[in-house]
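A.B. asks: Structure, please.
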Amino acid sequence: MDLLKVLSEMPGAPGREELVREFIESKVKGLADEITTDAMGNLICRKKPVEGATDVQKVMIACHMDEIAFYVRLIDDKGFIRLHNAGGFDNRNLFARRVRIQTRDGEVIEGVMNPGGRPIHIASPEDRTKIPKMAEFFVDTGLDKETVTAKIRPGDPVTLVQEFTELGEMVTGKCLDNRVACWVGVRLLERLQASDKYDVYVVFTVQEEVGLRGAITSGYAIEPDISIAIDTTLAVDTPGVPGEEQITELGKGVAIKILDGYAISNKELVDTFVDLAETEGITHQYEVLPMGGTDAGAMQRARAGSRAVALSVPTRYIHTVTEMVHKGDLRATLDLLAAYLSK
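C.D. replies: Now for the predicted structure:
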């Protein structure tokens, strides 16, 4: 899990994924026949088919690098930093958080994020039940206003800080959505051999959390026949939620997506992955996600369209800094994808 730990703890706001991209590129160097970065910042790793192969299909595998984050919006008269969110947060989970600000000069400045208002000692009953709006949160760096304005400016990305930890067969940390997919993509390239059936593009995409933007452009350029998104999905197998709403369950294997809010998976691909998982003895489950989506929704609609599916890693506490996945589900996702490409 050392690779996943590094990926989880790195900052990579939508549109500012460069540190993640550079790290992944260092890990996959020599594992692909072509490695390029496009204008959007997608890292495209191509494994060509065997020479002379005919009737080859292009397969695009999307693993998004970005995490939900913030941008500096303004610095107020006292040097407190106001934020604009990039991605979907539940504000109830944003109290008392450590953050990291990446400045234009490459310096990293840490701070703490809280909403404005009275502490509990002097709060009214109404104050205690209120859920603050995003505009009410601010970052305190502990620095005076002159230092803050000299080092930080609007547009600097702000990401949450959290240590990655192993808890038995589980791991927990920030932005496992979607650094688990980056882990899968790197490990897949380590295994992948040239195929006589597939021309494979493993694409580490950008800006998924703000509208699948990197997959839109890379899908248009690659024009795949088959599109596979690797992402997380909800595992609400926790207290307070009825069993019929859990979506998936930790420890029950890779989730083969039937549909979500952005795409309906291709039936033939779903059947193929289910049959393959049963044949290979790979633990798996089905996923029907009422809302949300993955890069599959963008790739499916690129140019004239492609057959698309998503393989998901079940994840508890999504879009918090304590996202949790099961190591076995992570391995099952990698094993099923590798088996498909080598069948």
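A.B. asks: Which residue ranges of the stretch 1-150 of the chain form strands?
C.D. replies: Ranges of strands in the stretch 1-150 of the chain, per DSSP state E, counting those that start in this stretch, are 34-37, 43-47, 57-63, 69-75, 81-86, 97-102, 108-115, 137-140.
A.B. asks: among those strands, which is nearest residue 337?
C.D. replies: Minimum separation from residue 337 across the strands of the stretch 1-150 of the chain (CB to CB) falls at strand 57-63, 7.2 Å. Yep, even glycine has a C-beta here, placed from its N, CA and C like the rest.
A.B. asks: And the closest one, what does it pack against?
C.D. replies: helix 176-191, strand 198-204, helix 213-222, strand 226-234, helix 296-299 (3 or more CB pairs under 8 Å, 6 or more residues apart in numbering; DSSP states H and E).
A.B. asks: Name the residues of it that are buried.
C.D. replies: Buried residues in strand 57-63, defined by neighbour count with 16 or more other CB atoms under 10 Å: 58, 59, 60, 61, 62, 63.
A.B. asks: can I get the helices and strands packed on strand 57-63 in CSV with mean pLDDT and mean neighbour count?
C.D. replies: Shown next, in CSV, are these (pLDDT from 0 to 100; neighbours: other CB atoms under 10 Å):
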stretch, mean pLDDT, mean neighbour count
helix 176-191, 97, 24
strand 198-204, 98, 25
helix 213-222, 98, 23
strand 226-234, 98, 27
helix 296-299, 98, 28
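A.B. asks: can I get these in TSV with distance to residue 92?
C.D. replies: Below are the helices and strands packed on strand 57-63 laid out as TSV (distance: least, CB to CB, whole Å):
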stretch	distance to residue 92
helix 176-191	18
strand 198-204	31
helix 213-222	27
strand 226-234	17
helix 296-299	27
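A.B. asks: So which of those is nearest residue 252?
C.D. replies: Taking the helices and strands packed on strand 57-63 one by one with CB to CB, strand 226-234 is closest: 11.9 Å.
A.B. asks: Tell me which other helices or strands the closest one touches.
C.D. replies: Contact analysis of strand 226-234 by 3+ CB pairs under 8 Å, 6+ apart lists strand 57-63, helix 176-191, helix 296-299, strand 307-315, helix 327-342 as its packing neighbours.
A.B. asks: Give me the distance between it and the centre of its chain.
C.D. replies: The offset between the C-alpha centroid of strand 226-234 and the centroid of the whole chain comes to 10 Å, using CA atoms, centre = their mean, to the nearest Å.
A.B. asks: for stretch 101-111, same thing?
C.D. replies: With CA atoms, centre = their mean as the basis, stretch 101-111 stands 22 Å off its chain's centre.
A.B. asks: Next, the distance between the ends of it.
C.D. replies: For stretch 101-111, the first and last residues are 8 Å from each other (CA to CA, to the nearest Å).
A.B. asks: Would you mark the buried spots in it?
C.D. replies: 101, 102, 109, 111.
A.B. asks: Return the member of those nearest to residue 303.
C.D. replies: Out of those, the member with the shortest distance to residue 303 (by CB to CB) is residue 102, at 34.8 Å.
A.B. asks: Verify the contact between that closest one and residue 11 for me.
C.D. replies: Yes. With contact defined as CB atoms under 8 Å, residue 102 reaches residue 11; the gap is 6.2 Å.
A.B. asks: shared neighbours, these two?
C.D. replies: Taking CB atoms under 8 Å, 6 or more residues apart in numbering as the contact criterion, the common neighbours of residue 102 and residue 11 are 157, 159.
A.B. asks: By mean pLDDT, point me to the weakest helix or strand of the protein.
C.D. replies: helix 125-129 (a mean of 85; mean pLDDT, DSSP states H and E).
A.B. asks: any idea how far that helix is from the chain center?
C.D. replies: Distance, stretch centre to chain centre, for helix 125-129: 34 Å (CA atoms, centre = their mean).
A.B. asks: Likewise for stretch 117-137?
C.D. replies: 31 Å.
A.B. asks: How about stretch 219-227?
C.D. replies: Using CA atoms, centre = their mean, the offset of stretch 219-227 from its chain centre is 20 Å.
A.B. asks: same deal with stretch 300-318?
C.D. replies: 12 Å.
A.B. asks: Next: stretch 193-213.
C.D. replies: 13 Å.
A.B. asks: Pull up the distance across it, start to finish.
C.D. replies: Length of stretch 193-213, first residue to last, CA to CA: 29 Å.
A.B. asks: still on that earlier bit, including distance to residue 309 and pLDDT, could the buried residues of strand 57-63 go into a markdown table?
C.D. replies: Putting those into a markdown table (distance: CB to CB, whole Å; pLDDT from 0 to 100) gives the following:
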| residue | distance to residue 309 | pLDDT |
| --- | --- | --- |
| 58 | 15 | 98 |
| 59 | 11 | 98 |
| 60 | 12 | 98 |
| 61 | 11 | 98 |
| 62 | 11 | 98 |
| 63 | 14 | 98 |
